[in-house]
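Novice: the following comprises the amino acid sequence and a computationally predicted model.
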Amino acid sequence: MLGFITIGEVTVTSTIDYGNLMHRAMRSLIQNVLTDVAKDGLPGEHHFFITFDTMHPDVEIADWLSDRYPGEMTVVIQHWFDDLDVTDEGFGITLNFGDNPERLYVPYDAIRTFVDPSVEFGLRFETPEDEEEDGDADILEIDEAPMDEMVEPSPDPQERKEAEVVSLDQFRK
């Protein structure tokens with residue numbers, strides 16, 4: 001049973017919503033990382049796989065990308081990206097899809113996974129659909145499983161390549 005305490009016009013629950021607090025903290029971590037990358041570029045071998053919900057109402061992507069990826073999409077931020085703009089609500093970035101630069105805007109609430117395979121770090125945000133499947137509501141998983149055998153390092157970090165859309169199924173348990 002969930003109890004409420006009413007103070008003036010503000011309603012406060014009598015429990016701490018740790019799941020929501022963790023989600024906000026981890027999204028803030030992503031914001032901080034992207035802010036540093038926007039300012040200084042990607043350090044060393046760092047690169048990111050970011051999977052997001054293409055149906056989120058605040059996601060902005062080209063219609064052809066939305067048609068091609070009607071549920072979720074994974075982008076790779078590594079060799080070529082431009083105009084990374086990080087805000088409190090999300091980030092905008094221009095990526096290259098087959099020699100076709102496209103501007104994307106992704107709110108943090110739309111992010112499902114954030115992975116930096118160069119340091120074996122990953123975050124996965126549970127969605128209501130995930131909760132129904134496995135019964136673990138409000139669980140934030142931080143994966144530290146070895147990823148080096150799953151991701152091949154690029155031969156030349158300075159080489160500009162087009163953005164990749166990949167499936168993160170290989171990273172899921």
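Specialist: Received the coordinates, thanks.

Novice: next SSE after the longest helix anywhere in the chain?
Specialist: Across the chain, the longest stretch assigned as helix under DSSP state H is helix 18-40. On the C-terminal side of helix 18-40, the closest following helix or strand by DSSP states H and E is strand 48-53.

Novice: what angle do helix 18-40 and that following strand make with each other?
Specialist: Calculated by axes from the mean of the first three to the mean of the last three Cα atoms, to 10 degrees, strand 48-53 forms an angle of 130 degrees with helix 18-40.

Novice: what residues sit buried inside the next helix or strand after strand 48-53?
Specialist: Counting by DSSP H and E, the next helix or strand C-terminal to strand 48-53 is helix 63-68. Neighbour-count burial for helix 63-68, with 16 or more other Cβ atoms under 10 Å as criterion, is recorded at residue 65. Backbone N, C-alpha and C define where each C-beta goes, glycine included.

Novice: next, the angle from the next helix or strand after helix 63-68 to strand 48-53.
Specialist: Where DSSP H and E defines the elements, the next helix or strand beyond helix 63-68 is strand 72-77. Interaxial angle of strand 72-77 relative to strand 48-53 (the same axes, to 10 degrees): 160 degrees.
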